[in-house]
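Visitor: What follows is a predicted structure for the sequence shown.
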Amino acid sequence: MPQPNFVFIVTDQQRADHVGCYGNKTLRTPNIDALAKKGFRSECFYVANPVCMPNRASLMTGRMPSLHGVRHNGVDLRLSETTFVQLLLDAGYLTTLVGKAHLQCIHAMPAYYPKAEERLRREARHPDGGRYEQELELTWETDPEHELLYPYYGFAEARLTIMHGDRQQGHWRRWLRKQVKDADCLLGPENAIPTLGFELPAAKQAWRTRVPEELCPNTWITDRTIDAIRDAVRLQEPFFVQCSYPDPHHPFTPPGKYWSMYSPDDVPLPDSYLAPHRNLPHSVQFLRDVRDAGKAYKFGQMPFACTEREAREAIALNYGTITQIDDGVGRIIAELNRLGIEKNTVVIFTSDHGDFMGDHQILLKGPMHYEGVIRVPFIWVDPAGEPGVVSDALLQSIDFAPTVLERAGVAPFNGIQGQSILRLISGADARTRDAVLIEDDRQQPYPGFHKRGRTRSILTSAHRVSIHDGGEWGELYDRKNDPNELVNLWDDPGARGLRGEMVERLARAMLAAAEYTSPYPRHIA
């Protein structure tokens, strides 16, 4: 059998139930749903960390954040880390990235940060050789000659976008400026089309962009993905093309018809929005109290407690962007069919993490490990696989790298922590893990936390426990009888035995995740 091609489609901040085939009755995603019917769909695919950079690094390395070192946003993935893409490149694959990378920092350390340069010189670990400012947004804006150094974490070529919404930088912004005179006058909330009846634009979490559909980043990413596939076919090389959409991450700026495709009045609220809770986690209660006092901070990246209207607006605009992405997926699949390579091309669809999207009255993402944030879609369509396979086995983003390597016939590297799920994908009754560990470290204190956030969770098919550093409170849920996680059993006297058992499982999982097998020892004592 010849080496298969791979098209890896990854979105940003898309929860599992924001896809039609995962049970969503309002959202229209016919092309992604068709992929699921043709291949494998995981019902229980979880992130290693519910934030962009750490989980993207885990997808690339098959390792947990505590080992690859990208513990939160703002920490570069070391250039010395082995990625599965590098192994594919070494094995003769043409490797191309289109869209978002976010393997290095996109913002520089602020000049006002006290003694920033001195701090960098006095770190416990010095950066290895190589350039670590390749994705900086400001550099791409101010230096028209700036380019990535290739191979970039194994990618022989990249066509990059940086940031979100309609203000993205990188190759897309350079291209847009060649297409439209004074293109920057189309971008951002200050140039947006006025909207009536919407509340989120006031917090700059959404605006109606003036960038037309045919010029927007998602369309550009779809077009460049198709170009990359055509280039590989022309060169007659096996290929791995990563199509990385920076959406539906906030701010929500679906272009053209996608802005009004779904009405906030017609989308349902999550079941947990109005449901009564018992023993609400301290951080969530804090966000609600701040909102109810009229002091909620709704700008930026931090989660906040939202009104019903804000939740409906976010969901409707999120849906519009996802349908736009689905249209792009349809175009990519049509091109594979037109080129006649669909019978030797594996297509994978997933996301880097989720979003609260109104769950428990919260928007965006944060160190509260509700399902909407930690569970993402995962679909694998393989010409050698079985159609319509659905699995409820506990899987995780670290499993992606070893699975791709096995399918490509490339041996994994020492130190990889994930496990190949290829037998599961083929429909076999394969053994997988019985619990998932989620690591979560934050750059700064989050609302409701007294210090910089550090959370560890373990979940089984039946329960989840979460422990937060710097607080006496925790979370314990019965996932089978309380799937919306409305009743926190942490302080329930009747659940003390279960709490002790789950905390012990968490400790053992953390111990296992910290096992360093790489590099090999140079001698035996």
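Guide: Received it, and whenever you're ready, just let me know what you need.
Visitor: other SSEs contacting the helix ranked longest in the chain?
Guide: The longest helix of the chain (DSSP state H) is helix 308-339. The contact analysis (3 or more CB pairs under 8 Å, 6 or more residues apart in numbering; DSSP states H and E) places helix 308-339 against strand 5-12, helix 30-38, helix 217-235, strand 239-248, strand 345-351, strand 362-363. Where C-beta positions appear, they are placed from N, C-alpha and C, glycine not excepted.
Visitor: Residue 92 contacts residue 236, correct?
Guide: No: counting by CB atoms under 8 Å, residue 92 stays clear of residue 236, with 11.4 Å between them.
Visitor: and these two? which has more neighbours close in?
Guide: The neighbour comparison of residue 92 against residue 236 (other CB atoms under 10 Å) goes to residue 92, with 11 against 7.
Visitor: Give the full set of residues in contact with that one.
Guide: By CB atoms under 8 Å, 6 or more residues apart in numbering, the residues touching residue 92 are 3, 237, 238.
Visitor: need the residues you listed in TSV with neighbour count, distance to residue 142 and pLDDT, can you?
Guide: Shown next, in TSV, are the contacts of residue 92 (neighbours: other CB atoms under 10 Å; distance: CB to CB, whole Å; pLDDT from 0 to 100):
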residue	neighbour count	distance to residue 142	pLDDT
3	17	41	90
237	14	35	93
238	19	38	97
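Visitor: closest to residue 429 among those residues?
Guide: When the contacts of residue 92 are compared for distance to residue 429 (CB to CB), residue 3 wins out at 27.5 Å.
Visitor: Could you measure from that closest one over to residue 505?
Guide: When CB to CB, to the nearest Å is the yardstick, residue 3 and residue 505 sit 40 Å from each other.
Visitor: Who are the contact partners of the residue nearest in space to the middle of the chain?
Guide: In the chain, the residue lying closest to the centroid (CA atoms, centre = their mean) is residue 352, at 1.4 Å. By CB under 8 Å, 6+ apart, residue 352 lies in contact with 10, 11, 12, 13, 47, 52, 55, 56, 59, 376, 397.
Visitor: If we use 7 Å, what do you get?
Guide: 10, 12, 52, 55, 56 (CB atoms under 7 Å, 6 or more residues apart in numbering).
Visitor: ok, and the most crowded of the residues you listed?
Guide: The most neighbours of any of the contacts of residue 352, using other CB under 10 Å, belong to residue 55, which has 27 neighbours.
Visitor: name the helices or strands packed onto the helix or strand that one falls within?
Guide: If you go by DSSP states H and E, residue 55 is part of helix 52-61. The contact analysis (3 or more CB pairs under 7 Å, 6 or more residues apart in numbering; DSSP states H and E) places helix 52-61 against helix 65-68, helix 400-408.
Visitor: Would you reformat those helices as CSV and include mean pLDDT and distance to residue 98?
Guide: What follows is the helices and strands packed on helix 52-61, written out as CSV (pLDDT from 0 to 100; distance: least, CB to CB, whole Å):
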stretch, mean pLDDT, distance to residue 98
helix 65-68, 96, 23
helix 400-408, 98, 17
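Visitor: Output the ones you listed as TSV; include the columns mean neighbour count.
Guide: Formatted as TSV, the helices and strands packed on helix 52-61 follow (neighbours: other CB atoms under 10 Å):
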stretch	mean neighbour count
helix 65-68	23
helix 400-408	22
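Visitor: So for residue 389, which of those helices sits nearest?
Guide: Between residue 389 and the helices and strands packed on helix 52-61, the shortest gap by CB to CB is with helix 400-408, which sits at 13.9 Å.
Visitor: so can I have CSV of the helices and strands packed on helix 52-61 showing distance to residue 82?
Guide: Shown next, in CSV, are the helices and strands packed on helix 52-61 (distance: least, CB to CB, whole Å):
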stretch, distance to residue 82
helix 65-68, 10
helix 400-408, 9
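Visitor: out of these, which comes closest to residue 97?
Guide: For those, the distance to residue 97 is smallest for helix 400-408, at 14.3 Å, taking CB to CB.
Visitor: Also compute the angle for that closest one relative to helix 52-61, please.
Guide: Using axes from the mean of the first three to the mean of the last three CA atoms, to 10 degrees, one finds that helix 400-408 and helix 52-61 are set 30 degrees apart in direction.
Visitor: any idea which helix or strand comes after the least confident helix or strand in the chain by mean pLDDT?
Guide: Using mean pLDDT, DSSP states H and E, the weakest-scoring helix or strand in the chain turns out to be helix 116-121, at a mean of 65. Using DSSP H and E, the helix or strand that follows helix 116-121 towards the C-terminus is helix 137-142.
Visitor: Could you check how far that next one is from the centre of its chain?
Guide: From the chain centre to the centre of helix 137-142 is a distance of 24 Å (CA atoms, centre = their mean, to the nearest Å).
Visitor: Buried residues of that helix, list them for me.
Guide: Of all the residues in helix 137-142, those buried under the rule 16 or more other CB atoms under 10 Å are 137, 140.
Visitor: Check which helices and strands it sits against.
Guide: strand 169-170.
Visitor: Now the strand it packs on: average pLDDT?
Guide: The predicted model assigns strand 169-170 a mean pLDDT of 98.
Visitor: How about stretch 152-166?
Guide: Mean predicted confidence for stretch 152-166 is 97.
Visitor: closest one to residue 420 among the helices and strands packed on helix 308-339?
Guide: strand 345-351 (13.3 Å).
Visitor: now that closest one: how far from the chain's centre is it?
Guide: Distance of strand 345-351 from its chain centroid, counting by CA atoms, centre = their mean, is 14 Å.
Visitor: Over to stretch 355-363?
Guide: Centre to centre, stretch against its chain (CA atoms, centre = their mean), the figure for stretch 355-363 is 16 Å.
Visitor: got a list of contacts for that stretch?
Guide: Contacting residues not belonging to stretch 355-363 are listed as 13, 15, 269-270, 272-273, 284, 287-288, 303-306, 310-311, 314-315, 318, 364-365, 370, 372-373 [CB under 7 Å, 6+ apart].
Visitor: related to what we said a few turns ago, relative to strand 5-12, how tilted is the helix holding residue 55?
Guide: For helix 52-61 against strand 5-12, the angle by the same axes, to 10 degrees is 160 degrees.
Visitor: what angle do helix 52-61 and strand 239-248 make?
Guide: Going by the same axes, to 10 degrees, helix 52-61 makes 160 degrees with strand 239-248.
Visitor: Tabulate the CA atom coordinates of helix 52-61 in CSV.
Guide: Extracted in CSV, the C-alpha atoms of helix 52-61 (Å, rounded to 0.1, in the frame of the first residue of the first chain):
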residue,chain,number,x,y,z
CYS,A,52,-4.3,27.1,22.4
MET,A,53,-0.5,26.9,22.7
PRO,A,54,-0.3,24.0,25.2
ASN,A,55,-2.7,21.7,23.4
ARG,A,56,-1.4,22.6,19.9
ALA,A,57,2.0,21.6,21.2
SER,A,58,0.5,18.3,22.5
LEU,A,59,-1.0,17.6,19.1
MET,A,60,2.4,18.1,17.5
THR,A,61,4.4,16.1,20.0
